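Colleague: Fold the stuff below for me.
(chains A and B)
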Amino acid sequence: MSSTASVSQVVSAEVAHANQNRKLGMWLFLSSELLIFAGLIGAFVLTRRSVFLRGEEWWHATPFSTALVSLNTFLLLASSLMVVLGIESIRRNENRKLQRYLALTALLGSLFLAGQAVEYSILIFEEGHSFADPFGSAFFTLTGLHGLHVLVGVIWCLTTLLVARRGKFHAHNYTTVEIFGLYWHFVDLIWVIIFTVVYLT
Amino acid sequence: MNQPNNTHDQAQHVNPVTVFGILTLCTIVEIALPLLHIERSVLVPLLLGISFTKAGLVAAYYMHLRYEPPIYTAIFLAPALFAGFLILTLAMG
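Modeller: Residues are numbered from 1 along each chain as shown, chains lettered A, B, ... in the order given. Predicted coordinates:
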């Protein structure tokens, strides 16, 4: 009986160690992602400056696009709150609530992507921007890569939701949700910076 | 089988809704500031300061760096400082 208990303790310690390693791996991944985005934000700012130095006109956000992007920012901030509340729910063993919060996160993320699609259609079809002009190349590369991250996040969120529906998560097993949460919050964190640098400064 | 998360389960967390409220308030201030026609040399550092504060709040309280082992903070903070410095110097130039 005692040997069964000790085996259980060893397995439990190993699983805890594995969970720590998974989180460590995620943090390392996010750190490298941070540098990629820093480079792209830097490239955007430099492109804008070089256009100013040549005396050419740079893009200015219209009131509509500012309102749309501001709404998108609130959507992403709210989605991050949903993830935090979801993790708090599963810590209390409330799997149904976790599912609800994950569904809301996926919905808010999808709405963000829809808003970005509207913004892109205005820029391309009404204002005539493309990858060929300096603004287009810097803007679409930066915000497009971020949008791709949101898309991956939405798919990941829906996958996590499916796993939650099968009842796999509980108060002692939610590292998978935490790791998804880290990714989603990182996407939010990056948008906070992009929003300021691209649209407000 | 239980899979202990073994992190910060017992820590007293700041209410996430409060953090969301602060983030929303900061965003509203950010959107309003350019409408006040402040000089660019003042406006840009002000906006970036608010933006970095928001990013710090997300990292500390939503990503739980405040409650996690310091190694995660070190791993994330090193490139974050570099990124912040890069963005700040380029945007101010």
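Colleague: From the contact counts, what lies against the longest helix belonging to chain A?
Modeller: Longest helix in chain A, counting residues (DSSP state H): helix A:2-53. Applying 3 or more Cβ pairs under 8 Å, 6 or more residues apart in numbering or on different chains; DSSP states H and E, we find helix A:2-53 packed against helix A:134-165, helix A:175-194, helix B:70-92. No exception for glycine: its C-beta is placed from N, CA and C like everyone else's.
Colleague: Report the angle between the helix-or-strand element of chain A with minimal mean pLDDT and helix A:175-194.
Modeller: When each helix and strand of chain A is scored by mean pLDDT, DSSP states H and E, helix A:2-53 comes last, with a mean of 86. Between helix A:2-53 and helix A:175-194, the angle comes out at 10 degrees (axes from the mean of the first three to the mean of the last three Cα atoms, to 10 degrees).
Colleague: so what does the next helix or strand after helix A:2-53 touch, helix or strand wise?
Modeller: Using DSSP states H and E, the helix or strand that follows helix A:2-53 in sequence is helix A:63-91. Contacts defined by 3+ Cβ pairs under 8 Å, 6+ apart place helix A:63-91 against helix A:95-121, helix A:175-194, helix B:16-32.
Colleague: now the least confident helix or strand of chain A, how far from the chain's geometric center?
Modeller: 13 Å (Cα atoms, centre = their mean, to the nearest Å).
Colleague: Taking their axis directions, that helix and helix B:70-92 sit at what angle?
Modeller: 10 degrees.
Colleague: For chain B, name the helix or strand with the lowest mean pLDDT.
Modeller: For chain B, counting by mean pLDDT, DSSP H and E, that's helix B:70-92 with a mean of 89.
Colleague: List of residues touching that helix?
Modeller: A:23-24, A:27-28, A:30-32, A:34-35, A:37-38, A:41-42, A:45-46, A:49, A:193, A:197, A:201, B:44-45, B:48, B:52, B:55, B:59, B:65 (Cβ atoms under 8 Å, 6 or more residues apart in numbering or on different chains).
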